[in-house]
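> Sequence unavailable; structure follows:
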């Protein structure tokens with residue numbers, strides 16, 4: 001198992017925060033398989049940050065084929081490193097088999113609690129690829145808003 005961090009998930013790139021109620025921001029991150037190498041089962045890819053006291057609105061997953069076969073299954077989630085909790089964004093995505101676009105399709109992240117620290121949008125390789133691709137990108141754009149008093 002390896003953990004990869006997209007540049008947008010690193011400390012040196014703070015995620016933009018929503019300063020007005022109803023303001024929606026976006027943070028897009030990616031990894032390049034030519035740099036990281038092929039993905040394997042249980043690998044974790046931290047793609048982007050969700051700033052403290054913000055909540056997800058939507059997520060667009062865009063990727064090239066990360067598997068030259070047809071076995072890879074990816075789970076996308078919001079991960080809280082302090083509480084060691086995760087909130088599903090898209091579970092069982094097969095978009096990495098041929099590449100393409102997938103969307104947020106789980107309620108968990110929409111109903112997650114307000115968290116006082118930065119969290120990560122991450123991909124977890126649930127089923128490893130038949131033969132992992134060594135070129136292409138795994139990317140996602142996380143849209144989010146500032147939490148409101150009524151969200152508690």
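Great, that's in hand. It should be emphasised that the depicted structure is a prediction, and the values quoted were computed from it without experimental measurement.

> Ends of stretch 127-135, what's the gap?
By Cα to Cα, to the nearest Å, the extent of stretch 127-135 from end to end equals 19 Å.

> ok, now stretch 122-142?
Taking Cα to Cα as the measure, stretch 122-142 stretches 10 Å from start to finish.

> what about that stretch, average pLDDT?
On average, the pLDDT along stretch 122-142 is 94.

> do stretch 58-76 as well
What stretch 58-76 shows for mean pLDDT is 94.

> Over to stretch 103-114?
For stretch 103-114, the per-residue pLDDT averages 94.

> Okay, and residue 62 sits in which element?
Using DSSP states H and E, residue 62 maps to strand 54-63.

> What segments of this protein are strands?
Secondary structure of the chain (DSSP state E): strands at 3-5, 24-32, 44-50, 54-63, 73-80, 85-93, 100-103, 119-127, 137-146.

> and the fifth one, what does it pack onto?
Strand 73-80 makes packing contacts with strand 54-63, strand 85-93, helix 95-98, strand 119-127 when contacts are defined by 3 or more Cβ pairs under 8 Å, 6 or more residues apart in numbering; DSSP states H and E. Where you see a C-beta, it was placed from the backbone N, CA and C, and this is true even at glycine.

> The third one now?
Counting contacts by 3+ Cβ pairs under 8 Å, 6+ apart, the secondary-structure elements packed against strand 44-50 are strand 3-5, strand 24-32, strand 119-127, strand 137-146.

> quick one: residue 4 and residue 123, what's the gap?
Distance of residue 4 to residue 123, given as Cβ to Cβ, to the nearest Å: 9 Å.

> So for the two, which residue has more residues nearby?
residue 123 (28 against 20; other Cβ atoms under 10 Å).
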